[in-house]
Structures are given as structure tokens and as C-alpha cells.
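>>> got a sequence here, can you model it:
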Amino acid sequence: MGRSRNAALAAWMAEHDRKPCDLAEQVNTAMEMTTNRPGKTSERTVFRWLSGENAWPQERQRIALEALSGRPITALGFVPRNKPAVTAPDPEDPVRRRAFITAAAAATAAAAAPHVAASGRIGRADVERLYDRFAELIASDHREGGQPSVEKSAQTLADEALALQRTGTAGQHVRNALYGCAASFMSSAMWAAIDGKRFTAAQHHLDRASSLAAMSGDQSIQFRIWSHAGSLYRHMGRPGDALAANDVARSLAITRRDPMFASLGHARHAAILGLAGNATAAERTLGHAREALERCDPAMPRPVWITAFYGPNEIDNLATAAHLALGRFDYAEAEAHRCLAKLQPHLYRSRAIISARLARAQLGQGDLEPAVSTAMNIPLDAARHPRVHAMLTAFGDTLRATAPTSEAARTWGQYVNDHRKATAA
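Purely as a prediction, here's the structure:
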């Protein structure tokens, strides 16, 4: 008998805009999430499924395909191999399959998964409960950003969202939303790692977050993840990679539908261009960011992660970073003062970061005493934040290098020593 092309799988892939390479990557991610072992599905494997050459994938692949599609494997056009009749339960029996998937997530599900209705059906209300917890995580990030505890909480919540999907049944819309929840939590884990200068962990979170976001189809969270990837590479001093990652975010259709996303994409691009040394492009891109923000409809519904922090003050903050990287310290100081004047009270960590940038801008202009005063006014708990701590360490190094015998250097040195003693006590 000749091969029969798998029209059902091809139709599902076309409906959900999945290319063979995309499906292979997503199957591998789903395999790792359901069995804790990485998958080895390749683009060629998917072509063999489509051609009918491989009519019955491996068991782990079948489980992953069902998780991705929300459909039984046979509804995707796959046909079981003929097997002799046996009296023992068939390992491919749907009950056994569900047991396998549940067992893979049992530890997470038993510990923390949201309640599943007796019917086993997952609904929009379950998704909303997860997004309420995402809002709480965002608030925690603004208070305690960069801490390993925030990163761990975000990872745990991502696991909860995936466990909920595996322990119940849901329509495709809800299933996509659950992937979006998981991607949202992983994007927060990624940002906490970036903010805490744990860059290796951040890159690992990027891989997982981007795969989950692709499965969700949610462009707002895809934007957040790739925009954060741009920030990750900027903080690592890799402007070429940062520009490329941020371009992925800026190319998404959501930036054309909502000027706020376009504005944030431009603002972060300007900071990267500053690091790349392109002052003209940075200035032009900051102008685009401000123009786009002015076009925003404040009544348009948007995700909590962007509304919680983004506005004119964040453009000023990123402009400060751009000008500092360019060595334009007077411009940086003006932008920092403008940002601090507008900053919302709940952005506690951001206030410390922009204050550290202001101190560096003042120091760059030779204003030693004001610079030291600004740095010393950062609250001690905020100064312990990994990124703020690194900025203040660099501030001290620059101060000692430029004016080692100055009164300002002695004042700063004494302040640091007193701070260390207080921390050790």
C-alpha cells in the first residue's frame, strides 16, 4: 500500500500558521515539559509525518502533539500500527495516556496547581485567576526586582499553568491562553534574572518563554519576551544581538495596532543604539518613542505588565541610559531629573536605578559633591539590588579614578565602609 499524505496534520498546521521548523521546536519543548527530557524532533521528522512516511510518531511525540493541538492524535491524521490482540490494557489506551501525562506533572500539580472542576474542564475563570497572580508578581517585581525569590515564584507559577493544562480538558482558546499564562510567568522569571544580573539563567528562561509564547499565539507576551531579550543583550554589552532581538519585538503586528507597544520598542531600541555609539539614530528613535506614546488611546485594554510601568517617565529613563552610554552626561542628567519628577511611587526599584544613573551623569560632568549626595540618598535596601549595587560600585570606581584625593571620594569611601559594617552586623 502506498503512502497517504497526512492531510489532517497539514490542515491543522495551516490553520494555526505552524511551519515544520516551528512545530518541531514546539514539540520538543512540550516533550520536555511533559516528560522532563528534551525532545529530538527535527524539521525532517515533521516532513515525514506530513508525507505519511511516519504514520505513527513515538509516544512522547504523540503526547506532545496532543498537548499542543488539544486534539486526539488520531484526529491529527495519525494511524496506529497494527498490533496483535492482548488481554492486558493497551499502553496507548486514552486512560493510560492521561495517567502518563498526569504522572509527569504530579509533583507540581499536587503542590500548587489551581483547582480543577470536578468535570475536569478548564475555563476562562481559571485563566483569569492565573492572570490575577501574574498581576501580583508584577507588583512584587517593582518592589523587589532582581531577587531570586521573584524568579523562583515566576517559574513555579509557570509550572502551575502548565500543570493545570495537563490535568484538565479545555477548548483551543483556553488552551492557548494557558500557554500565554505560562509564557507570561516565564517572561517575569527572565526579567528577574536580567535585573539580578544572572544572565545565564535569563538566557535559559528566554528559550522556554519564547517557545511557550509561540504556542500561545499571544503577540503581547511575545513582544515582552523579545523586548526583554534586547535588554538582556544590552546589559551583557552585546549591542548587535540586542538590536536583532529588539527588532523581533518591533516587527510584531501588535506594534502597528497599538502605539504603546511601538513606543516601548522604540525607547528600548534607543538605549541599545546609545550603547552602539550611534547618537543620531538614538535621538531619532527617542523622538519616535515620544510621538508614538502621544498617539496612544488610554482607554485601550492592555496587559498589566505594560500599564504598570510604561509612560513618559520610562522614555526619559531609557534616554538617560542612552546618553550615559554615549558620554553625553549633561543630556543624561536632564533626562534623569525629568524622569524622577514623573515617577510613580510604586516604582521603587526604578527610582533607585534612575538615581544611580543621575549620580553617574553628575560625576561625568565633574560635579563631585552633588554626585556623591545623589548616590548616598539611595535607600540602603534599594542599594542592595544587584543592578543598583553594580552601578554604585562602578560609580565608586570612577570617582576614585578621576578624583582619588578629593573630599567627595573620602566621603563616599567612608559611606561604603559604614554600609558594609551595617550589613555585616
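>>> hey, let's count contacts and neighbours off CA atoms from now on
Noted.
>>> could you list the low-confidence segments of the stretch 1-150 of the chain?
Scanning the stretch 1-150 of the chain for pLDDT under 70 picks out the ranges 1-3, 32-37, 67, 70, 82-120, 142-145.
>>> what ranges do the strands span in it?
In the stretch 1-150 of the chain, no strands are defined using DSSP state E, counting those that start in this stretch.
>>> nearest residue to the middle of this protein?
The geometric centre of the chain, computed from its C-alpha atoms, lies nearest to Ser187 (C-alpha atoms, centre = their mean), at 2.2 Å.
>>> buried residues in the helix or strand that contains it, which are they?
Applying DSSP states H and E as the criterion places Ser187 in helix 172-195. For helix 172-195, burial by neighbour count (16 or more other C-alpha atoms under 10 Å) applies to 174-195.
>>> so what touches the helix or strand following it?
The C-terminal neighbour of helix 172-195 among helices and strands, as given by DSSP H and E, is helix 199-216. Contact with helix 199-216 is made by 25-26, 29, 68, 175-180, 182-184, 186-187, 189-191, 193-194, 219, 221-222, 225-226, 229, 232, 236, as judged by C-alpha atoms under 8 Å, 6 or more residues apart in numbering.
>>> just checking, next helix/strand downstream of helix 199-216?
helix 219-235.
>>> so what touches that following helix?
With C-alpha under 8 Å, 6+ apart as the criterion, helix 219-235 contacts 180, 183-184, 187, 190-191, 194, 199, 202, 206, 209-210, 213-214, 239, 241-246, 248-250, 252-254, 261, 265, 268, 272, 275, 303.
>>> list buried residues within those.
180, 183-184, 187, 190-191, 194, 199, 202, 206, 209-210, 213-214, 239, 241-246, 248-250, 252, 254, 261, 265, 268, 272, 275.
>>> quick one: what helix or strand has the closest residue to Gly274 other than its chain neighbours in it?
Among residues not flanking Gly274 along the chain, Ala322 sits closest, at 4.2 Å (C-alpha to C-alpha, 6 or more residues apart in numbering). Assigned by DSSP H and E, Ala322 falls within helix 312-326.
>>> counting by contacts, list what that helix packs against.
helix 259-276, helix 279-294, helix 329-342, helix 348-364 (3 or more C-alpha pairs under 8 Å, 6 or more residues apart in numbering; DSSP states H and E).
>>> out of those helices, deepest packed?
By mean neighbour count, with neighbours taken as mean count of other C-alpha atoms under 10 Å, helix 259-276 ranks first of those at a mean of 27.
>>> ok and that helix relative to helix 279-294, angle-wise?
Between helix 259-276 and helix 279-294, the angle comes out at 160 degrees (axes from the mean of the first three to the mean of the last three C-alpha atoms, to 10 degrees).
>>> pull the residues that contact helix 259-276.
Against helix 259-276 from outside (C-alpha under 8 Å, 6+ apart): 223, 227, 230-231, 234, 237, 239-240, 242-243, 246, 249-250, 254-256, 279, 281-283, 285-286, 288-293, 295-296, 310, 315, 318-319, 321-326.
>>> pretty sure Thr405 sits in a strand.
No. With DSSP: H, G, I helix; E, B strand; the rest coil as the criterion, Thr405 is coil rather than part of a strand.
>>> residues near it, how many?
For Thr405, the neighbour count with other C-alpha atoms under 10 Å is 11.
>>> same question for Pro370.
15.
>>> was I right to think it contacts Gln362?
Yes. Using C-alpha atoms under 8 Å, Pro370 is in contact with Gln362, at 6.9 Å.
>>> report the buried residues of stretch 125-137.
Asp126, Val127, Leu130, Tyr131, Phe134, Leu137.
>>> in JSON lines, list the residues you listed along with distance to Arg384.
Output for the buried residues of stretch 125-137, formatted as JSON lines (distance: C-alpha to C-alpha, whole Å):
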{"residue": "Asp126", "distance to Arg384": "37"}
{"residue": "Val127", "distance to Arg384": "35"}
{"residue": "Leu130", "distance to Arg384": "30"}
{"residue": "Tyr131", "distance to Arg384": "29"}
{"residue": "Phe134", "distance to Arg384": "25"}
{"residue": "Leu137", "distance to Arg384": "20"}
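>>> of those residues, which belong to helices?
Judged by DSSP state H, the buried residues of stretch 125-137 include Asp126, Val127, Leu130, Tyr131, Phe134, Leu137 as members of helices.
>>> farthest-separated two in these?
Pairwise distances across those peak at 17.0 Å for Asp126 and Leu137 (criterion: C-alpha to C-alpha).
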